[in-house]
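Asks: Turn this into a model:
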Amino acid sequence: MSRRRRGAAAGEPAEDAVEPGPEPEPEGRAARRKAGKRPAAQAPAGRGARRRAQSRPKRKGLRIVAMVTGMALVVGGGAVAYLYFQLAGNIKSEASFTGDDKAAALGVEKADPFGRTPLNLMLIGSDTRGNAKDCKLGGACGDAAGARADVEMLVHFSADRSNISVMSIPRDLMTQLPECTDPKTQAHTAGGFGQINSTLQYGPGCTDTAIHKLTGIPVDGFAMVDFGGVIDMSNAVGGVNMCFTDRLYDKNSGLKLTKGWHDLKGKAALQFLRTRDSFGDGSDNVGRTSATHLFFTGMINQLKKAGTFTDLPALYKIANAATNALTVSDNLDTPLKLVNLARELNKVPTNRITFTTMKNTPDTTPGLSGKVLEAADAHQLFDAIADDQPLTKGKSSSKKTSSDKAQASAAKAAANVVRSTVAVSVENGTTVSGRAADVLAALKEAGYSQESTSGTSGTPASATSLTYGPGQSAAAQSVAGVLGLPAKSLHQGTSDGLVLVIGPDWQSGTTFGKGAVKKTVDTQAALSGTHSQTAGTDRQCVPVSTEYTQPGHTPQMMFDDHPEVPDSAS
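Replies: From the prediction side, this is the model:
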C-alpha cells in the first residue's frame, strides 16, 4: 500500500510512495548503516520532486544567509543599544522650572499657520569649579558665592526651522531678577535688582526665568557646560580654526597666541572663551561676545564641512563628549533628542544663522563701573525673536521633508474647512471669569457655527487644549490657526465634536499668547548696534585690542614681555 505525500498532484507519484521491487531498500539512516551500503543516486520522480531537488541547495544557502544576517542584526542591534544606553547614562539633567506657573515664568511659544512652534534654548557657560578637574583649570575654586553664567546665549530655532538667531546677553547686565529656588540645593533668592549672571547660583532654570522676564521671549529649556566640558567638546570636534589680527597674551585667561591662524582645542579653547580684556574694545560685552560668536561660527562651519552630522562614528564621538559635558533641561534628556537638535542645526544654511548681542548701555551708577543696562530700544530685537522674524534674508533650503509635506497638506485641509459647519464647545478652565464667553464671541465673529457654546470646565485645567473627534483634524487645525494655538494643544479624542478648554496659560485676549498674526518688524532697526554677523562669515579674524587692557600693557606688549610663557596653541 502506498502513501501519497500531502499536496501531491493527481496522477503524480507520491514522493515517499513504496514502489514494488524484488528487494526493498532498508528505510532510514540507521537501517542503511546497518546494511552497510549507501543509497543509490536516483533521479527524483515527478516534476514536483525535481523542483524540490533543484531548489534544495539554494534554499539551504538562503537559510545560512538568513541565519548569518539575523546574528549580525542581533549583534549590531546590541551594539547600538549599548552605545545608546551609554550616551543616556552620560546625560545630566535638571528641571527648567519647578514652580506653580510655568507659562508665566517661561512664556508660551506661538504656533505659525501650520501649527509649528519655534524653539528657544539657553546656552549657558558656567564658571563653576564644582569638581577637581574644573578647579585645576583656574578661577576662584571653592568660591562661596556659587556658580555664575560666564556665557548666556539665547538660541532661537524658527518654527519652520529655516533660520536660527543667537542673541548673547551681557554677563554684566544689571536688571530686575525673579524669585527663584534651586531644586537641587534649595538655595533661595527673593529676586530684585541685580546682575543677571548671578541667577545661575539658584539653578539654570532661574537663568531661564530671568531671561524671559527681561526679554518677553519664551524659553523652552537650556544646555549648560562648565570649564571641563568646553575642553572635552573642543577636543571632540578636532579643534576650531581661528584667526587673530595680532599677537596677544592675556594674563588673566592665560591665552597667548601669535598673529594669524591657530587650531584652538582643549585648554586653549577654554582660555579663548574666558578672555575678557584683549579682544575688540577690551570689554566683556562687545569684544569678548563678538569673539565668542566667531568661535561658534568656526565650529559650525567645521562641523558642516567635515560632514560630521552624517558621519556616524564622528557623530558618536561628539555625542559622547556632549552628553558627558552638558547639563540639559529635562526636555532634552535623551540622546535622541540631542541628536535631533543637532540635525535641526545642520538643516539651516550658515547664512541663515545670525549672531547678535542684546542692545545695552553703560551703567553710570557710582560703584558699578563696567556694568551695563538694557538699552531703550532693546525691545526691537526681543520682539523680532519673540515673533519668529528671520534676521537674515538669505534663501532657505528648498528641499521639502516629509514633515513639511504633511504640514502643508494639513494647512490645505484646514483652509478648505467651511467654518459655519464647525461648532466648538468652549470651556473656561481658569479662575478668570468670562474667558469662555470672550473666546466664543471671537469664534462666532470669525465665522464658526452659531451653535457653538460656552461654559465652565468641571475641573481647573493645567493648560489650554483643543480636543477633536475622529475625522475632525482639519476642523481643529482651522480653529487652532484662527486662535493661534500651538500644535501641542491639539489632541484627538474618541467622541465627536470640538472641545476647547482655556487654561491658565491663556489669561486674557481672544488669541493665544500674542496671537497668530505677527508684527511687522524692522529687521535693520532690530539689528542696529547689536554687532551682528552670520555663520556664513567663516574667515573673519578676531580683532585683538591695541589698548592698555592690563596695567600699562597692551596685549602685544604682554606677549613681548613674557617669552617664558608657551603659546597656547603650540
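Asks: Give me the distance between the nearest residue to I164 once chain neighbours are set aside and A321.
Replies: Closest residue to I164 apart from its sequence neighbours, by CB to CB, 6 or more residues apart in numbering: I353 at 4.6 Å. Bear in mind the C-beta positions are built from the backbone N, C-alpha and C, glycine included. For I353, the distance to A321 equals 22 Å [CB to CB, to the nearest Å].
Asks: between the two, who's got more neighbours?
Replies: Using other CB atoms under 10 Å as the criterion, I353 and A321 rank with I353 on top: 24 against 19.
Asks: and the gap between the more buried one and L391?
Replies: Counting by CB to CB, the gap from I353 to L391 is 10 Å.
Asks: cool, and T209?
Replies: For T209, the distance to L391 - CB to CB - is 25 Å.
Asks: what's the overlap in contacts for I353 and L391?
Replies: Residues touching both I353 and L391 (CB atoms under 8 Å, 6 or more residues apart in numbering) are N163, S165.
Asks: check contacts around the closest residue to G99 other than its chain neighbours.
Replies: Among residues not flanking G99 along the chain, A105 sits closest, at 5.9 Å (CB to CB, 6+ apart). By CB under 8 Å, 6+ apart, the contact set of A105 is F97, G99, P178, T209, H212.
Asks: Which of these fall in helices?
Replies: For those, the ones inside helices are T209, H212, with DSSP state H as the criterion.
Asks: and the contacts of A105 as CSV, adding neighbour count, pLDDT and distance to G229?
Replies: Output for those, formatted as CSV (neighbours: other CB atoms under 10 Å; pLDDT from 0 to 100; distance: CB to CB, whole Å):
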residue, neighbour count, pLDDT, distance to G229
F97, 23, 81, 23
G99, 16, 75, 28
P178, 21, 93, 26
T209, 27, 95, 23
H212, 22, 95, 25
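Asks: In the contacts of A105, find the pair that's most separated.
Replies: G99 and H212 (12.5 Å; CB to CB).
Asks: one step back: residues in contact with the residue nearest to I164?
Replies: Per CB under 8 Å, 6+ apart, neighbours of I353: N163, I164, S165, V166, I300, T392, T534, A535, G536.
Asks: And M224, by the same measure?
Replies: L123, I124, G125, S126, P204, L326, T327, V328 are the contacts of M224 under CB under 8 Å, 6+ apart.
Asks: Could you rerun that using 10 Å?
Replies: Counting by CB atoms under 10 Å, 6 or more residues apart in numbering, M224 touches 92, 94, 122-126, 128, 147, 149, 151, 200, 203-204, 207, 325-329.
Asks: swap in M558?
Replies: Taking CB under 10 Å, 6+ apart, we find M558 in contact with R247, L248, Y249, D250, K251, K256, D277, S278, T549, Q550, G552, V565.
Asks: and if we set it to 6 Å?
Replies: Residues in contact with M558, defined by CB atoms under 6 Å, 6 or more residues apart in numbering, are Y249.
Asks: what's the distance between it and P551?
Replies: Counting by CB to CB, the gap from M558 to P551 is 10 Å.
Asks: can you list residues touching both of the two?
Replies: With CB under 6 Å, 6+ apart, M558 and P551 have no common neighbours.
Asks: Need the three-state assignment for the spatially most central residue of the chain.
Replies: The chain has L341 as the residue nearest its centroid, 3.2 Å off, counting by CA atoms, centre = their mean. Applying DSSP: H, G, I helix; E, B strand; the rest coil to L341 yields a three-state assignment of helix.
Asks: which non-adjacent residue is nearest it?
Replies: Sequence neighbours aside, L332 is the residue nearest to L341 in space, at 6.9 Å (criterion: CB to CB, 6+ apart).
Asks: before we move on, the earlier item: buried subset of the contacts of M224 as a ChimeraX selection?
Replies: Buried members of those, defined by 16 or more other CB atoms under 10 Å, are picked up in ChimeraX with:
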select :94,122,123,124,125,126,128,147,149,151,200,203,204,207,325,326,327,328,329
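Asks: Which ones among the contacts of M224 map onto helices?
Replies: Judged by DSSP H, the contacts of M224 include P204, T207, A325 as members of helices.
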